[in-house]
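Peer 1: mind folding the following:
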Amino acid sequence: TQNTFVEPVVTETVPPEPKQRQQIQTEQHSDPQRAARAPVATLNPLKQEPKVEHSQPHATPRETSPPVGKVNTGAPASPKCTATGLSTVPHRLLSKLKIRTPGDSFKKLQNAVTLTVPPVEGKAFSAMNLYSFRYLPHVFLVDQNGKIVASKSFKYLTTLVAPKWVNSTTISAIFKHYLNKVAGQVKATEPMLYNWETDTVEVIDTWKKKFLHHDIDFNPVTNSFLCLQRAVNPSNNALVDEIWEVTRQGETLWHWNGNKEMPFDGSDWTAEGKHPDSDCVDFGVHWCKDWMHGNTVFWDSSRDAVYYNAKHQDSFFYLDLKTHKIKWAVGRKGGFKLFDKWGRQQKALWYKAHGIERIGENRFLFFDNDYWNLTKPKASPNQKAVFGGKQVLSRAVEFTVDPEKKEAREVWSWTAPVGHYAHQMGDADRMPNGNTVLSLTNSGFITEVTRDGQIVWELSYPKTDNNYYIYHFEKWMWSPLVKLAEPLEGTNDSVAVDVRKNQPSIALHLFNNVRVRYASKGVLTGWFDGKQVGDSIAIEFQPNWIPTEVQFPVAKEFLTGQGDGFEMVLQLENADGIVGCYLINVNVVGQQG
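Peer 2: Numbering: from 1, shown residues only. The predicted structure is shown next:
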């Protein structure tokens with residue numbers, strides 16, 4: 001559960017300083033070209049520019065950039081949060097969000113989403129939602145009741161693949177152009193950015209790759225995209241994956257060829273990877289062997305690594321960006337011992353999985369489709385049966401990895417109901433309150449579950465029409481979140497502070513308002529009765545909503561004058577200038593007299 005939320009004040013975005021590039025030490029990257037282009041992390045990642053009108057996404061100039069605020073790293077001159085009497089706007093996007101979809105289409109799209117499980121009070125994670133449909137040219141922001149609060153439509157025969165937040169106002173995605181959606185024939189794919197605040201589209205049309213697929217990442221620190229590209233090996237018609245890093249100017253920095261490190265092996269290939277003509281015609285071949293079928297590139301910039309998931313290998317790979325080589329792999333490949341949550345060694349922990357994400361130190365989360373799982377028993381007449389009558393159930397799986405011992409252990413999982421089985425696509429994300437949100441793509445559900453397996457929120461959409469399939473699904477908050485790490489029992493907004501300690505402090509877990517895959521800056525300040533409590537603390541949000549652990553110091557001199565307790569407002573500002581305000585009750589213990 002979350003702390004008491006006080007609507008934050010949003011300050012005007014500070015115009016950014018002129019961007020400069022600084023060369024980092026080349027020994028950090030084996031590729032000197034990439035090293036020379038990587039700016040230091042303290043620079044503003046994206047700069048603010050005015051809206052550019054254009055008739056097509058391609059017409060957006062290269063210099064157009066999504067806006068970003070500037071963090072005040074010193075002590076604020078006055079509080080942006082107060083305990084009472086607030087009547088403020090929580091996020092500057094609120095007044096800018098619009099329905100940018102024609103009326104008739106909008107009604108149909110709105111009716112396509114149904115709230116099947118209303119948010120359970122005190123258990124569901126309160127946030128907004130971002131998604132796009134598989135074959136439709138729209139992207140949406142949706143509230144907890146399934147109501148579309150903002151939309152953006154693109155031209156016919158296009159769609160957005162893998163939309164993700166870049167910062168508080170901007171998303172990245174693959175911009176996909178179709179020749180024929182019925183046949184699935186692709187004309188072109190391009191990296192793109194879309195800014196909800198300025199309604200600005202930036203398509204990297206100077207770097208055209210026809211077969212970008214499944215996933216894409218954008219890192220504002222390096223100002224570049226990480227792209228997953230499909231290619232065919234003409235010697236054996238095997239489909240293989242390549243990973244490319246490309247700048248916003250369309251310049252390639254490096255690329256990794258999966259065919260070199262994982263060459264096709266016919267003895268380890270199953271017919272499930274044999275594609276019909278419609279999937280291979282773009283490559284000029286009549287049929288092809290889908291050898292790798294990557295579906296995730298998780299760019300872990302804090303480790304200078306990429307976690308690449310290969311569905312048809314039932315494995316994910318740690319790609320070291322210092323060497324551009326695979327360092328280790330977990331799954332059927334890599335030689336790791338695999339243990340289920342009962343401690344039993346298994347040949348595999350997942351089958352045809354999607355959406356690998358790092359959620360802690362050597363801790364990962366997967367969506368396990370459980371497809372083409374030959375180890376499963378035959379299904380009984382009342383069980384869901386897929387592929388040869390096998391019993392199959394989709395899951396979210398959390399596991400730890402020990403690269404030194406070469407072991408992976410399942411530590412938590414949730415198995416979806418039979419009617420939620422998804423053999424195609426899918427995703428699983430961890431929320432700041434510990435819940436997990438699953439996209440059960442071709443079953444037509446977005447489902448949130450608690451740690452103990454209770455469904456506390458759910459949306460549904462037409463599973464009989466694959467135009468409406470939702471693959472990637474992202475949550476986002478109006479403002480950064482403050483949670484007490486050690487609240488008093490039975491509360492979420494009260495904490496005890498012992499004045500007898502040498503350095504009294506309050507343990508906090510902090511989260512940025514958007515789930516991004518790079519570390520970002522912020523400032524934390526405490527206020528009491530209109531006066532600042534101590535100094536502001538510069539913090540660095542952990543990526544991917546991993547809790548940022550902070551000890552907020554409270555001076556003894558201040559505490560001794562507050563009797564048994566007081567109320568304090570914690571003000572958390574992110575790099576975009578978005579402010580979250582949280583009222584907490586501080587119980588002072590150890591006072592003399």
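
Peer 1: pLDDT weak spots in the stretch 1-150 of the chain?
Peer 2: 1-79, 82-92, 94 (pLDDT under 70).

Peer 1: mind naming the longest helix for this structure?
Peer 2: As assigned by DSSP state H, the longest helix anywhere in the chain is helix 103-111.

Peer 1: who are the packing partners of that helix?
Peer 2: strand 138-142, strand 148-153 (3 or more Cβ pairs under 8 Å, 6 or more residues apart in numbering; DSSP states H and E). Heads up, the C-betas are built off the backbone N, CA and C, glycines and all.

Peer 1: which stretch among these comes nearest N129?
Peer 2: strand 138-142 (4.4 Å; Cβ to Cβ).

Peer 1: could you list the low-confidence segments of the protein?
Peer 2: 1-79, 82-92, 94, 180-184, 208, 270-286, 374-391, 464, 466, 593.

Peer 1: run through the helices of it in chain order.
Peer 2: Going by DSSP H, the chain shows helices at 32-37, 103-111, 258-261, 277-280, 556-559.

Peer 1: name the residues of the last one that are buried.
Peer 2: With burial defined by 16 or more other Cβ atoms under 10 Å, the residues of helix 556-559 counted as buried are F558, L559.

Peer 1: and A124, how close does it get to Q562?
Peer 2: 35 Å (Cβ to Cβ, to the nearest Å).

Peer 1: repeat that for V569.
Peer 2: Distance from V569 to Q562, by Cβ to Cβ: 14 Å.

Peer 1: the two - which one has more neighbours?
Peer 2: Taking other Cβ atoms under 10 Å, V569 and Q562 do not tie; V569 has more neighbours (24 against 17).

Peer 1: that one touches N585, doesn't it?
Peer 2: No. The pair V569 / N585 is not scored as a contact, 11.2 Å apart, by Cβ atoms under 8 Å.

Peer 1: picking that back up, nearest to D465, of the helices and strands packed on helix 103-111?
Peer 2: strand 138-142 (14.5 Å).

Peer 1: the closest one - contacts with which helices or strands?
Peer 2: Strand 138-142 packs on helix 103-111, strand 128-132, strand 148-153, going by 3+ Cβ pairs under 8 Å, 6+ apart.

Peer 1: can you add mean neighbour count and give these back as TSV?
Peer 2: Shown next, in TSV, are the helices and strands packed on strand 138-142 (neighbours: other Cβ atoms under 10 Å):
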stretch	mean neighbour count
helix 103-111	13
strand 128-132	22
strand 148-153	19
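
Peer 1: closest to V418 out of these?
Peer 2: strand 128-132 (24.1 Å).

Peer 1: and the closest one, what does it pack against?
Peer 2: Using 3+ Cβ pairs under 8 Å, 6+ apart: strand 128-132 touches strand 138-142, strand 158-165, strand 473-476.

Peer 1: E398: which of these is closest?
Peer 2: Of all the helices and strands packed on strand 128-132, strand 473-476 comes closest under Cβ to Cβ, at 17.4 Å.

Peer 1: if I pick the nearest residue to W299 once chain neighbours are set aside, what's in contact with it?
Peer 2: Excluding its sequence neighbours, the residue lying closest to W299 (Cβ to Cβ, 6 or more residues apart in numbering) is D217, at 4.1 Å. Under the criterion of Cβ atoms under 8 Å, 6 or more residues apart in numbering, the neighbours of D217 are K164, S172, F225, L226, V297, F298, W299, R517.

Peer 1: I figured the last one hits V221, correct?
Peer 2: The one in question is R517. No. In this structure, R517 is not within contact of V221 by Cβ under 8 Å, at 10.5 Å.

Peer 1: stretch 154-162: end-to-end distance?
Peer 2: End-to-end span of stretch 154-162 (Cα to Cα, to the nearest Å): 15 Å.

Peer 1: give me the distance from that stretch to the chain's centre.
Peer 2: 20 Å (Cα atoms, centre = their mean, to the nearest Å).

Peer 1: just stretch 249-257 next, same as before
Peer 2: 23 Å.

Peer 1: how about the CA coordinates for it, as CSV?
Peer 2: What follows is stretch 249-257 as a C-alpha-only set of coordinates in CSV (Å, rounded to 0.1, in the frame of the first residue of the first chain):
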residue,chain,number,x,y,z
GLN,A,249,20.8,10.6,-36.2
GLY,A,250,20.6,7.1,-37.7
GLU,A,251,24.3,6.3,-37.2
THR,A,252,25.2,2.7,-36.3
LEU,A,253,27.5,2.5,-33.3
TRP,A,254,27.9,-1.3,-33.2
HIS,A,255,26.0,-4.5,-33.9
TRP,A,256,26.0,-8.1,-32.7
ASN,A,257,25.4,-11.0,-35.1
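
Peer 1: buried sites along that stretch?
Peer 2: Under 16+ other Cβ under 10 Å, the buried positions of stretch 249-257 are L253, W256.

Peer 1: ignoring the adjacent residues along the chain, who's closest to S479?
Peer 2: G580 is the one closest to S479 (Cβ to Cβ, 6+ apart), at 3.5 Å.

Peer 1: right, and that neighbour touches L508 too?
Peer 2: No. Under the criterion of Cβ under 8 Å, G580 is not in contact with L508, lying 12.0 Å apart.

Peer 1: what is in contact with these two at once?
Peer 2: Joint contacts of G580 and L508 (Cβ under 8 Å, 6+ apart) are V482.

Peer 1: which ones are touching the spatially closest residue to F175 that is not a sequence neighbour?
Peer 2: Closest residue to F175 apart from its sequence neighbours, by Cβ to Cβ, 6+ apart: M192 at 4.1 Å. Residues near M192 by Cβ under 8 Å, 6+ apart: P57, L160, S172, A173, I174, F175, V201, E202, V203, I204.

Peer 1: ok, back up a step: how many neighbours does the residue nearest to S479 have?
Peer 2: Neighbours around G580, by other Cβ under 10 Å: 30.

Peer 1: contact partners for it?
Peer 2: Per Cβ under 8 Å, 6+ apart, neighbours of G580: F5, P8, M477, S479, P480, L481, V482, N513, Q571, L572, E573.

Peer 1: quick one: the fourth one and N512 touch, right?
Peer 2: No. Judged on Cβ under 8 Å, S479 makes no contact with N512 at a distance of 9.6 Å.

Peer 1: so those two - more neighbours on which side?
Peer 2: N512 (32 against 23).

Peer 1: which stretches of the stretch 101-250 of the chain form strands?
Peer 2: 114-117, 128-132, 138-142, 148-153, 158-165, 170-180, 185-195, 200-203, 212-219, 224-233, 238-247 (DSSP state E, counting those that start in this stretch).

Peer 1: mind putting the ones you listed into a markdown table with distance to I537?
Peer 2: Compiled in a markdown table, the strands of the stretch 101-250 of the chain are given as follows (distance: least, Cβ to Cβ, whole Å):
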| stretch | distance to I537 |
| --- | --- |
| strand 114-117 | 39 |
| strand 128-132 | 27 |
| strand 138-142 | 31 |
| strand 148-153 | 33 |
| strand 158-165 | 24 |
| strand 170-180 | 26 |
| strand 185-195 | 30 |
| strand 200-203 | 33 |
| strand 212-219 | 25 |
| strand 224-233 | 30 |
| strand 238-247 | 33 |
